[in-house]
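Asker: okay, here's the prediction I keep looking at, along with the sequence it came from:
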Amino acid sequence: MDIAGKVFIVTGGASGLGEGTARMLAAQGATVVIADMQDDKGRAVAQDIGGAFVHCDVSNEADAQAVVDQATQLGKLMGLVNCAGIAPAEKTVGKNGAHALSVFSKTISVNLIGSFNMIRLAAEAMSKNEPEATGERGVMISTASVAAYDGQIGQAAYAASKGGIVGMTLPIARDLARNGIRNMTIAPGIFGTPMLFGMPQEVQDALAAGVPFPSRLGTPEDYAKLARHIFENDMLNGEVIRLDGAIRLAPR
C-alpha cells in the first residue's frame with residue numbers, strides 16, 4: 001500500500017503509541033483521524049499533523065461509527081490502528097478481597113471489545129473501496145501486549161484482554177480475505193508511554209535493564225516503524241508480531 005493520499009484512523013492517537021503512529025502516517029502523506037477520549041490532547045495532535053479529531057469511546061458503537069463516518073468523508077479509508085487501551089492492575093484475590101468484576105469487565109470492554117468494534121465498522125467501510133493494484137482494500141493493526149503470553153501478577157484482566165486480541169487476529173484475517181482487507185497485531189514489550197512514565201524512575205530503569213537487547217524502553221517511533229512496514233508489505237496478514245527486544249516477563 002502507498003500510504004500517501006490515504007485516510008487512516010488511529011485510536012488512542014492523542015498520546016503514546018497512537019500519537020507516534022499518527023505522526024508517522026501524516027509524515028508519509030496520509031490524512032489521519034484521531035479517535036480518543038482525551039479531547040484537548042487529541043485536538044492538539046490533530047491540528048499539528050493536519051488531521052481530524054473525534055471524541056471516541058471505542059467500546060461505544062455510536063462513537064466508533066462517528067469516527068468511521070468522519071474518515072470516509074475525508075477520502076479513501078485504507079487503514080486502522082487500534083492503540084486505545086487501559087491497563088489496571090489487580091490480583092484475583094488481594095488484600096481487599098476478590099478482584100472487582102467491574103474492573104475486569106471494563107478492561108475487556110475497552111481493550112478487546114473496543115478493538116473489535118472499530119475493526120468491524122472500519123472493515124465494512126473499507127469493503128466498499130476500489131481495490132489497490134495489489135487487490136487490497138484496507139489494513140487493520142491492533143495492539144496486544146507481551147502480557148498476552150507472559151502476564152504478570154495483577155494482570156489477569158489486562159492479559160485476558162490482550163490474549164483475546166491475539167486470538168482473534170487470524171480468524172478476522174480469514175473473514176476479511178475475500179474483501180481484500182488484511183488484519184495484523186503488534187504485541188509490544190516494555191514501552192515508554194505516558195502509562196509507564198507515571199512509574200518511579202527506578203522502576204522504569206529496572207524495566208529497561210530487563211530487556212535483553214536493546215536494553216532500553218521501546219518508543220512510539222519503534223511501534224510506528226513496524227506499523228508502517230505492515231501497511232507497506234502486503235504479505236503480512238493474520239499474524240501477531242512481538243516487538244519486545246526478546247524480553248520474557250517474570251511473574252512480577
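Answerer: That came through fine. Numbering: from 1, shown residues only.
Asker: who are the packing partners of the worst-scoring helix or strand of the chain on mean pLDDT?
Answerer: Least confident element among the helices and strands of the chain, by mean pLDDT, DSSP states H and E: helix 194-197 (a mean of 73). In terms of contacts (3 or more C-beta pairs under 8 Å, 6 or more residues apart in numbering; DSSP states H and E), helix 194-197 is packed against helix 201-209. No exception for glycine: its C-beta is placed from N, CA and C like everyone else's.
Asker: show me how far the helix it packs on is from its chain's centre.
Answerer: Relative to the centre of its chain, helix 201-209 is centred 24 Å away, using C-alpha atoms, centre = their mean, to the nearest Å.
Asker: and what of stretch 45-59?
Answerer: How far stretch 45-59 lies from its chain's middle: 15 Å, per C-alpha atoms, centre = their mean.
Asker: give me the mean pLDDT for that stretch.
Answerer: Mean pLDDT, computed over stretch 45-59, is 98.
Asker: tell me which residues in the least confident helix or strand of the chain are buried?
Answerer: For helix 194-197, a neighbour-count test (16 or more other C-beta atoms under 10 Å) marks Leu196 as buried.
Asker: contacts made by it with the rest, please.
Answerer: 15-16, 87, 190, 204, 207, 217 (C-beta atoms under 8 Å, 6 or more residues apart in numbering).
Asker: might one say that Val103 is in contact with Ala156?
Answerer: No - if you go by C-beta atoms under 8 Å, Val103 and Ala156 don't touch, sitting 9.9 Å apart.
Asker: any chance you could map the helices in the protein?
Answerer: Secondary structure of the chain (DSSP state H): helices located at 16-27, 39-49, 61-74, 101-107, 114-126, 147-150, 156-176, 194-197, 201-209, 220-232.
Asker: can you say which of those helices is nearest to Thr92?
Answerer: helix 156-176 (5.6 Å; C-beta to C-beta).
Asker: show the average pLDDT along that closest one.
Answerer: Averaging pLDDT residue by residue across helix 156-176 gives 98.
Asker: circling back to that earlier point, which of the helices of the chain sits most buried?
Answerer: Stretch with highest mean neighbour count among those: helix 16-27 (a mean of 25; mean count of other C-beta atoms under 10 Å).
Asker: what packs against that helix?
Answerer: Counting contacts by 3+ C-beta pairs under 8 Å, 6+ apart, helix 16-27 packs against strand 7-11, strand 31-36, helix 39-49, strand 77-82, helix 220-232.
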